[in-house]
Structure formats: structure tokens, C-alpha cells
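Peer 1: Following is a predicted model, sequence given first.
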Amino acid sequence: MALCLITHTKGSTPRKPGAKMLVRADGFIVGTIGGGGLEKKVIDDAIKQISLQKTANFEHALVHDHGMCCGGSVHIYIEPIMSKKPLFIFGAGHIGKALAEFAFALDFDVSLIDQRPDIFDNWSTDSYKIFHQSPALAFEKLQFDEETFIAVMTHDHALDREIVAHCAPLPHAYLGMIGSDRKVEIAKKTFRSGALLSEDQMSNIDWPMGLSIKVDNPKEIAISILGKIIDVRSLLKSQLS
């Protein structure tokens with residue numbers, strides 16, 4: 001959504017500085033900055049600035065620009081308020097922890113899912129949503145949409161496959177699974193033999209997950225994964241604009 005704020009007025013205007021309106025990307029509004037042709041144009045401007053993800057200032061001469069009888073002018077500041085993209089990390093081991101830390105710093109809304117006892121001991125978890133339970137139970141609470149990012153890296157290969165099989169048909173922007181080429185081939189064979197996923201669904205999975213760069217430790221692996229996720233997020237932004 002975008003915040004639309006009257007910052008300055010001159011002459012006769014329906015509302016004065018400080019009046020504000022929220023505009024959602026689909027055009028739904030909360031509040032008003034004066035109604036009429038002015039408000040319709042501000043809504044259109046707000047939707048455009050949401051797609052551009054940029055702030056902007058606009059000046060409106062009410063008679064000349066909108067045929068309104070007030071006769072004054074209005075300055076309006078529009079600021080997009082962008083929600084953070086959700087990132088679901090299945091597996092809170094060394095790589096999962098590093099990925100969570102880096103992703104939070106880069107404005108993802110991070111959720112960690114892991115059922116192992118004591119796995120979150122000595123964590124500073126205020127920055128993340130923690131699901132200390134099985135993926136099956138977490139699925140009942142997690143909300144998936146076309147902007148959801150999913151990284152699968154549990155301690156168990158079979159569990160990774162179960163999670164991928166569950167997530168692949170759901171709406172998402174990115175789904176990746178960690179592992180070697182052999183692990184990926186075994187997963188594909190399992191999915192094909194059980195008719196669990198279609199070829200199209202499997203082709204949209206990033207596996208082995210991350211950028212193809214030389215890495216030597218969990219933090220570097222996490223950076224390679226986050227690099228790929230950021231690339232997909234940037235593509236989403238460009239499609240909006």
C-alpha cells in the first residue's frame with residue numbers, strides 16, 4: 001500500500017495539511033484527502049508509485065487539473081509501504097541459522113521450522129518466527145502466496161522430500177532444496193515413481209539450492225542461497241514495475 005499525505009495547500013481546498021489516505025495496490029482506500037477528481041488521480045498515482053516502489057511529490061491545481069470548484073492547490077506526498085517477503089526456512093542447523101540472520105538483515109520476514117529438541121537453545125530468536133514443531137504441524141499455520149520464499153534444509157533427506165512435495169503445488173515465488181546432485185536425482189526419481197510432482201513443478205525447484213559458486217562453510221553456503229533468493233525477489237520487483 002501507499003501513504004498519501006497532504007503536505008501543503010493554498011487557497012480553498014476540501015482538506016488541509018496533515019490529511020492522509022492509505023491506498024492499497026488494488027485501489028482500496030482508507031481515509032480521504034478530499035474526494036472527487038483529486039482523490040481519483042491520487043489513487044492512480046499511488047498505485048503507480050507502489051509498482052515503482054518510489055516516493056514522489058505531486059501538485060494539483062484543483063480547477064485546472066480536476067475541474068473542482070474549490071479553486072485552490074494541493075501538494076501531496078506519496079510513500080509506498082512495502083511488506084517484507086516471507087521466507088520459510090525448514091531446518092535450523094548451521095546453514096539455516098546463518099541464512100536466517102542474513103535474510104533478516106536484508107528485509108525478509110523469516111520463519112524457522114524445526115522439531116528437534118534443543119535446536120533453538122542459545123538462539124536470539126526475537127527477529128524470527130519460530131515453529132518448534134514438525135513441518136506437518138507448521139503447515140497448518142503458515143500462509144503461502146505468490147511472494148513466499150521457501151528454503152528446505154532439514155537434517156533428514158526423506159523429510160526434505162516430504163516438505164518439497166508438499167510445497168511445490170502451493171503458491172510461491174521460490175522453492176529450493178539443499179543437497180548434492182545425487183540427492184537431487186534421488187528426489188526426482190522418487191517424485192516421478194510416485195507421481196508426486198509433475199515435470200513442470202520439478203523444473204521450478206532450485207535444487208541444489210543457491211548460486212553455483214565455490215563455498216567452504218555454512219555461512220558461505222547461506223550467502224549462496226540468499227544470493228539466489230535475492231535474485232528472484234529482484235525479478236518480482238521488476239515485474240511489478
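Peer 2: Happy to help now that I have it. Residues are numbered from 1 along each chain as shown.
Peer 1: Show me what the lengthiest helix in the chain is in contact with.
Peer 2: Ranked by residue count and defined by DSSP state H, the top helix of the chain is helix 218-240. Under the contact criterion C-beta atoms under 8 Å, 6 or more residues apart in numbering, helix 218-240 has outside partners 50-51, 53, 85, 87, 93-95, 97-99, 102-103, 106, 108, 147, 149, 151, 173-174, 176, 178, 206, 209-213, 215. Just so you know, the C-beta spots here come from the backbone N, C-alpha and C atoms, and that holds for glycine as well.
Peer 1: Flag every buried residue along that helix.
Peer 2: When neighbours are counted by 16 or more other C-beta atoms under 10 Å, the buried residues of helix 218-240 are found to be 219, 221, 222, 223, 224, 225, 226, 228, 229, 230, 233.
Peer 1: Now the helix or strand bottoming out on mean pLDDT in the chain - C-alpha only, CSV.
Peer 2: Ranked by mean pLDDT, DSSP states H and E, the weakest helix or strand in the chain is helix 62-66, scoring a mean of 79. Below are the C-alpha coordinates for helix 62-66, written out as CSV (Å, rounded to 0.1, in the frame of the first residue of the first chain):
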residue,chain,number,x,y,z
LEU,A,62,-8.0,21.8,-8.4
VAL,A,63,-9.7,23.9,-11.0
HIS,A,64,-7.3,23.4,-13.9
ASP,A,65,-6.4,19.8,-13.2
HIS,A,66,-9.6,18.3,-11.9
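Peer 1: which among the contacts of helix 218-240 end up buried?
Peer 2: Applying 16+ other C-beta under 10 Å to the contacts of helix 218-240 flags 50, 85, 87, 93, 95, 97-99, 102-103, 108, 149, 151, 173-174, 176, 178, 206, 209-210 as buried.
Peer 1: which residues does the residue most central in space within the chain bridge with?
Peer 2: Nearest to the mean C-alpha position of the chain, by C-alpha atoms, centre = their mean, lies residue 85 at 1.7 Å. Under DSSP bridges, the beta-bridge partners of residue 85 are residue 108.
Peer 1: distance between the ends of stretch 140-152?
Peer 2: End-to-end distance for stretch 140-152, by C-alpha to C-alpha, to the nearest Å: 17 Å.
Peer 1: Name the nearest residue to residue 2, ignoring sequence neighbours.
Peer 2: Using C-beta to C-beta, 6 or more residues apart in numbering and skipping residues adjacent in sequence, the residue nearest residue 2 is residue 46, 4.1 Å away.
Peer 1: That neighbour should be in a helix, yeah?
Peer 2: Yes - Residue 46 forms part of a helix when assessed by DSSP: H, G, I helix; E, B strand; the rest coil.
Peer 1: what sits against it?
Peer 2: Residue 46 touches 2, 4, 23, 78, counting by C-beta under 8 Å, 6+ apart.
Peer 1: Show the pLDDT at the closest residue to the third one other than its chain neighbours.
Peer 2: Residue nearest to residue 23 in three dimensions, not counting chain neighbours: residue 46, with 3.7 Å by C-beta to C-beta, 6+ apart. For residue 46, the model assigns a pLDDT of 95.
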